[in-house]
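Visitor: Structure for this input, please:
(one chain, ligands or ions: 1)
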Amino acid sequence: MGIIPTVIINRMDEAIEALVTKQNDFAGRPKSWTGEIFTEGYKDIAMAPFSPVWQLQRKLAHSAFRHFAASKDVLVQKIHESFSDVSQVLEKINEPFDPRSYVYNCMYNVIYAMTYGKRFSIDDPEFLRLISVINEANELFGGGFAPDFINALRYLPRTAAQKRILELCDITLKLGHEEYQRHKDTFTRNDIRDLCDDLILAHQDMPEEERDMLTETHIVQTLLDIFGAGTDTTAMTLLWCIKFMVAYPEIQKKGQDEIDNFVGQDRLVNFHDKQNLPYCDAILHEVMRLRLPAVFGVPHKTTVDTTVGGYDVPKDTMVMFNLYGLHHDPAYWTDPEKFDPTRFLDEHGSIRPKMPSFLPFSAGRRVCLGESIAKIDLFVFFTCLLQRYSWSEPGESVDFEPKPSPLAMDPKPFRIVIKIRL
Ligand code: HEM
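Guide: Below you'll find the predicted structure:
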């Protein structure tokens with residue numbers, strides 16, 4: 001790719017060799033001009049190099065997540081609140097509509113409530129401004145950013161897009177530091193309000209020599225990472241779920257029957273219901289197999305001279321994992337293009353424990369930090385939507401081609417009609 005030596009891994013055995021068996025060899029991240037600016041010198045988790053500081057920062061984040069998830073109900077409660085808010089708006093719409101902005105607003109709202117404890121009304125101007133900043137940043141980054149790949153471009157006069165990237169970066173960093181300061185000023189150990197508090201607590205409770213390695217900026221950046229990595233990914237996945245349900249009404253109906261049988265209509269679906277709703281869970285798996293948000297995950301970099309599949313791979317080579325290819329490999333999937341949730345179920349109708357060649361969250365050292373949170377978020381939102389509404393398309397054919405982008409699988413705009421089932 002350009003002047004950066006790159007290896008793309010397309011086969012499952014080689015992906016596992018690199019991601020798991022030789023995980024330290026492949027655990028680096030390539031550097032980039034914009035990455036360095038956004039992360040205040042790689043003080044985040046997602047773009048930071050593989051180092052003792054990064055390991056400690058992941059450990060800190062895990063400890064905060066564990067504390068937060070010790071009461072999984074807190075997250076589910078936030079999802080239910082956000083779902084109820086959006087339901088009120090959706091139920092006033094009586095014509096075909098594009099679900100995109102509603103889904104995005106819900107996902108931003110849940111992650112914001114989780115990280116910074118604030119919940120916005122769906123049309124709050126402050127919230128809408130924040131969303132437009134993030135959307136604009138995603139648009140600008142969507143197809144890759146030339147100076148990140150071609151060093152010389154960094155030294156030419158800045159283009160309008162580069163100037164805008166820097167402005168957006170300032171706005172985001174300001175927000176992250178202000179939220180952190182607001183928490184620090186009002187922090188008390190006995191009243192942990194959200195993940196930001198959990199991180200401050202976990203940082204304070206670290207042994208002194210470890211605490212000294214992580215600055216406040218590392219905490220701010222960890223939270224921005226969660227926000228950045230957790231919103232688009234879950235929103236796109238949920239949009240694909242809706243698209244598939246609209247295109248496959250018989251599968252939608254089977255999911256709804258399962259919810260009606262095991263949960264009923266008197267309360268919203270909870271994460272505890274997951275074991276009783278394997279078909280709904282299988283739908284979610286199958287959507288993530290066919291349309292995963294990050295086609296190549298996040299690029300890795302080799303930390304030493306190493307090998308994969310018998311080939312030499314020198315230190316500092318960029319390595320990309322073709323997760324989309326793994327999810328469509330006919331060696332592992334019968335009729336891989338077919339939308340068939342039952343491939344994730346065993347003969348008793350339970351979710352199969354481990355499917356080969358299914359790695360939406362990647363694996364090994366750099367595995368998605370938010371996997372457990374994403375699974376709760378997606379499962380609860382998706383099943384609540386199925387429980388409450390029937391989805392159909394307003395006489396328009398469903399287009400499964402994503403928007404043109406080399407890295408993300410973002411669904412093209414589409415319209416739906418909903419009917420309340422209760
Ligand atoms: C559908 C939802 C999601 C999918 C499919 C997804 C997928 C991924 C993938 C493929 C990676 C790259 C792993 C690698 O480099 O090998 C990743 C990294 C990451 N994800 Fe997620 N993710 C999702 C949601 C989330 C959420 C909700 C959060 C936060 C709460 C999150 C936080 C992160 C972070 C911080 C990293 C960087 C990890 C590191 O470099 O050590 N993700 N994710």
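
Visitor: rest of the way, CA atoms for contacts and neighbours
Guide: Will do.

Visitor: Residues of this protein that sit close to the ligand?
Guide: 45-47, 225-226, 229-230, 233-234, 237, 292-293, 297-298, 360-363, 366-371, 373-374 (CA under 6 Å from any ligand atom).

Visitor: taking these one by one, which sit in helices?
Guide: In this view, these that belong to helices under DSSP state H are Asp225, Ile226, Ala229, Gly230, Thr233, Thr234, Thr237, Glu371, Ile373, Ala374.

Visitor: what sits against the fifth one?
Guide: By that I understand Thr233. Residues counted as contacts of Thr233 (CA atoms under 8 Å, 6 or more residues apart in numbering) are Pro293, Ala294.

Visitor: low-confidence ranges in the stretch 51-200 of the chain?
Guide: Within the stretch 51-200 of the chain, the segments meeting pLDDT under 70 span 71-72, 141-145.

Visitor: In it, which residue sits nearest the ligand?
Guide: Across the stretch 51-200 of the chain, the shortest distance to the ligand (CA to the nearest ligand atom) belongs to Arg58, at 6.9 Å.

Visitor: what number of residues lie near that residue?
Guide: Counted by other CA atoms under 10 Å, the residues lying close to Arg58 total 18.

Visitor: Tell me how far it lies from Thr6.
Guide: According to CA to CA, to the nearest Å, Arg58 and Thr6 sit 26 Å apart.

Visitor: tell me the SS of Val7?
Guide: Here Val7 is strand, with the state taken from DSSP: H, G, I helix; E, B strand; the rest coil.

Visitor: Run through the bridge partners of it.
Guide: Val319 (DSSP bridges).

Visitor: dump the residue contacts of it.
Guide: Val7 touches Thr317, Met318, Val319, Met320, counting by CA under 8 Å, 6+ apart.

Visitor: Going through these, which ones are buried?
Guide: Listed as buried from these are Thr317, Met318, Val319, Met320; burial here means 16 or more other CA atoms under 10 Å.

Visitor: just curious, which of those is nearest to Ala113?
Guide: Taking CA to CA as the measure, Ala113 lies nearest Met320 of these, at 32.6 Å.

Visitor: That closest one and Val295 touch, don't they?
Guide: No: Met320 is beyond contact range of Val295, at 9.7 Å (criterion: CA atoms under 8 Å).

Visitor: CSV for the buried ones among the contacts of Val7, including pLDDT?
Guide: Below are the buried ones among the contacts of Val7 laid out as CSV (pLDDT from 0 to 100):
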residue, pLDDT
Thr317, 97
Met318, 96
Val319, 98
Met320, 97
